[in-house]
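Participant: A structural model of the following input is requested.
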Amino acid sequence: MSDAAWRIVEDDLSGAAIRALLEVHFAGMLANSPAGSCHFLDFDGLRSDGVTFWSIHRGDDLAGCGALKMLGGGQGEIKSMRTAEGFLRQGVAARMLDHIIAEARRRGLERLSLETGSGAAFEPAIALYRRYGFEDCEPFADYRPDPFSRFMTRAL
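Facilitator: As a prediction, this is how the structure comes out:
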């Protein structure tokens, strides 16, 4: 399907499909890391000031989501990247990451960082971030060292 068939929209999280995808995301994080090591934003967190949340669609179908959290000091954080099960390995995450990086640059950010899990379930995401130039880093913002977390960053 052509790139024109894909669309990314700012999402207010009111739709049943996006809420269901985020419930899967929350459950997946909790299934692969101890609760105290899960740093996902819940629905209220994703609607808070300084966070912009997008959904990506192919035609009428929800394919995934992602968010950008403004940290201040020219820095932003990628949050809530998730691909819907039926769209795995179809470039959804790469499209969303392209969008978030472009938006971060448009906003004048100098650095983009993220926290993800450190277990095997997170390896596909880590590989994607590495392809985009993200490198391991120390904890940033309010994060603390945690064996279940991996911190990554890149200059824009």
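Participant: Going by C-alpha atoms from here, please, whenever you check contacts or count neighbours.
Facilitator: Fine.
Participant: for the protein, what are the low-confidence residue spans?
Facilitator: Within the chain, the set of residues satisfying pLDDT under 70 comprises 1-4.
Participant: Kindly recompute the last result at 90.
Facilitator: 1-5, 25-42, 117-121 (pLDDT under 90).
Participant: For the strand of greatest length in the chain, which outside residues touch it?
Facilitator: Taking DSSP state E as the criterion, the chain has its longest strand at strand 61-72. Residues outside strand 61-72 that contact it (Cα atoms under 8 Å, 6 or more residues apart in numbering): 17-18, 21, 46, 50-57, 76-84, 86-87, 92-93, 96-97, 100, 104, 141.
Participant: Give me the buried stretch members for the lengthiest helix in the chain, please.
Facilitator: In the chain, taking DSSP state H as the definition, the longest helix is helix 16-32. By 16 or more other Cα atoms under 10 Å, the buried positions in helix 16-32 come out as 18, 21, 22, 25, 26, 29, 30, 32.
Participant: now stretch 83-97
Facilitator: 83, 84, 87, 92, 93, 94, 95, 96, 97.
Participant: Stretch 47-66 too?
Facilitator: 51-58, 62-66.
Participant: That one: end-to-end distance?
Facilitator: In stretch 47-66, first residue to last residue: 13 Å (Cα to Cα, to the nearest Å).
Participant: Apart from its chain neighbours, what residue comes closest to the residue most central in space within the chain?
Facilitator: Closest residue to the average C-alpha location of the chain: residue 81 at 2.7 Å, with Cα atoms, centre = their mean. Excluding the flanking residues, the one nearest residue 81 by Cα to Cα, 6 or more residues apart in numbering is residue 66, at 4.2 Å.
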